[in-house]
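Sequence first, predicted coordinates after that:
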Amino acid sequence: MKLTRFSKNITAVTVVVALIMGGALLWADGNIDPEKKWAWGEDGGWFNFQSDSWGAMVETYGVSGYIWQENLGWVKLANGSSSPPYPNDQTDNWGVNNDGAGNLSGYGWSENGGWINFSTAYSQVMINGEGNFSGYGWAENGGWVSFSSPEGAPEYLVKTTWQEASPTPTPSASPTPSVTPTPSLIPTPSVTPTVTPSVTPTSSATPTPSATPTPSVTPSVTPTPSLYPTPEYLVLSSGDYDGDGISDIAVFRPGSGLWSVRGLGTVYYGQTGDVPVSGDYDGDGITDVSVFRPSTGLWAVKELTRVYFGDNDDLPVPGDYDGDGTCDIAHFCEDDGAWHVRGLTRIYYGVVGDLPVPGDYEGDGVTDIAVFRPSSGLWAIRDISRAYYGAAGDRPVPGIYRWYGVGEYGGGPFRSEIGIFRPSSGLWAIRGWTRYYFGASSDTPLTGDFTGSALDDTGIFRPTSGLWAVRDETRVYYGTNGDIPVTR
């Protein structure tokens, strides 16, 4: 084990409390039907509008209280320092409005998930005469939120005991909320995508949301920005830190040099400004903790080696460029397209603006030199192929996504395929194979073998909350804002 000095962490559990008043169950200071309290987020999962500890209160001119989102935490529906209707243009006057007829607008706030818009250009959340919610809201870090189940999905609904008064009262001097208010001193809600909300995934049975913790403090209004932003582009060779054939969930914290691998522990290696360059540098099947220091060109592989190779203008591109089963030290120069592989070669391939996308595109066990050109969508793989796939703003995500050869599982050879992640819509597109939506604009796309199938799974890391979501496999929280995911 190379992570012998990792220390273990333990987590605390929270307590939920039910309130009894006047001999009747008080729905945790809300007026949502306890049997009809669920909304569904296409990326975030279930929203609980009436937990055991807190709930949403619908009133004639606004909605207040808290709702619980199983992967984002508490969502606050009004900031509490003003009364509805909320202008939603300052740090102290945001909240969810009700026009008296059940048409909702304005914003809720999640300290992990950001702004939730109840009235976008494409859909509005509404309450009918029976108290049933309908429509879609937009969570800037969680995608579309559906308030009633579409046809073919597991049945769910949010229902309140509030009903429109007859006749509908009109406030005498209420300010008119703008169509899409933009807070001046708080994070601006992201642009609403122009795509139709996706159909809620069908499951065999409605998932049971996790237990709702009791909030210990009021959720903060403005998240604290990270002091150490994730590098714009990162190339890693591997992410199996214990050699079991499965990619591990792991983060690197640039401010302190902390490496933390879920289920294994933590170790400190590196300093502010270092770039993680994980790979198996001695061929033992275990990924080594390692960093590249742009300021000096230092490559430091824990308990193995320290060499100087490259400088501040270079992007590290570790990989097995000679097929000997060990990761080679290498860098790509953004200024002139030069590739330097230590002890092997130096060639020019690419131009200014290209992103390096090394991978085994032939399935021969050798990392191939390749670039992606965002300006045109060009993929150029040296001595192998050139293809156009993607557009400006796309993130390249090459990976080993399917089997080749004969038989049900082929048996190989494995080879890297061209793929992109489009942050603006959450689109994953693998050339010649599949397209689907998974993730949001602020997410970091991930590829890795998280199941031991020898094929790459797709997933995201959400820096704002530490969420790791692997498509069709798992969702866990590991890391904090500013951490860099170090697996593949």
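Arrived safely. Residues are numbered from 1 along each chain as shown.

buried residues in stretch 316-336?
316-321, 327-334 (16 or more other C-beta atoms under 10 Å). No exception for glycine: its C-beta is placed from N, CA and C like everyone else's.

That stretch spans what distance, first to last residue?
When the termini of stretch 316-336 are compared using C-alpha to C-alpha, to the nearest Å, they are 15 Å apart.

Show me how far that stretch is from its chain's centre.
28 Å (C-alpha atoms, centre = their mean, to the nearest Å).

Give the rounded mean pLDDT of it.
Computed over stretch 316-336, the mean pLDDT rounds to 95.

Check stretch 139-158 too.
Here stretch 139-158 scores 79 as its mean pLDDT.

quick one: terminal-to-terminal distance for it?
Taking C-alpha to C-alpha as the measure, stretch 139-158 stretches 17 Å from start to finish.

Which two of the buried residues of stretch 316-336 have the greatest separation?
Comparing every pair within the buried residues of stretch 316-336 by C-beta to C-beta identifies 320 and 334 as the most remote, at 22.6 Å.

looking at it, residue 449 is touching residue 456, isn't it?
Yes - applying C-beta atoms under 8 Å, one finds residue 449 in contact with residue 456, separated by 5.9 Å.

between the two, which one's more packed in?
Taking other C-beta atoms under 10 Å, residue 449 and residue 456 do not tie; residue 456 has more neighbours (25 against 20).

quick one: pLDDT of that one?
94.

need the contact list for it.
The contact partners of residue 456, by C-beta atoms under 8 Å, 6 or more residues apart in numbering, come to 399-401, 447-449, 488.

Strands - which of those residues land there?
447-448 (DSSP state E).

What is the neighbour count of residue 54?
Per other C-beta under 10 Å, the neighbour tally for residue 54 reads 26.

I'd say it and residue 30 touch.
Yes - Residue 54 lies in contact with residue 30 (C-beta under 8 Å); the separation is 7.3 Å.

Tell me the residues that contact both of these two, please.
Joint contacts of residue 54 and residue 30 (C-beta under 8 Å, 6+ apart) are residue 65.

Could you list the low-pLDDT ranges of this protein?
Low-confidence segments of the chain (pLDDT under 70): 1-28, 42-44, 71, 112-113, 141-142, 151-153, 165-232, 404-413.

mind giving me the domain split of it?
The chain breaks down into these domains under automatic domain parsing: 19-160, 250-485.

Just send those back as TSV, with distance to residue 238 too.
Shown next, in TSV, are the domains of the chain (distance: least, C-beta to C-beta, whole Å):
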stretch	distance to residue 238
domain 19-160	27
domain 250-485	5
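
Which stretch among these is buried most, on average?
Mean neighbours per residue, mean count of other C-beta atoms under 10 Å, is largest over those for domain 19-160, with a mean of 20.

just how off-centre is that one within its chain?
22 Å.

going forward can the numbers begin at 28, since that is how I track them
Renumbered: residue one is now 28, and that last one reads domain 46-187.

Which strands or helices does the lengthiest strand in the chain pack on?
The single longest strand within the chain, with elements called by DSSP E, is strand 59-68. On a contact count with 3 or more C-beta pairs under 8 Å, 6 or more residues apart in numbering; DSSP states H and E, strand 59-68 meets strand 72-75, strand 170-173, strand 185-187.
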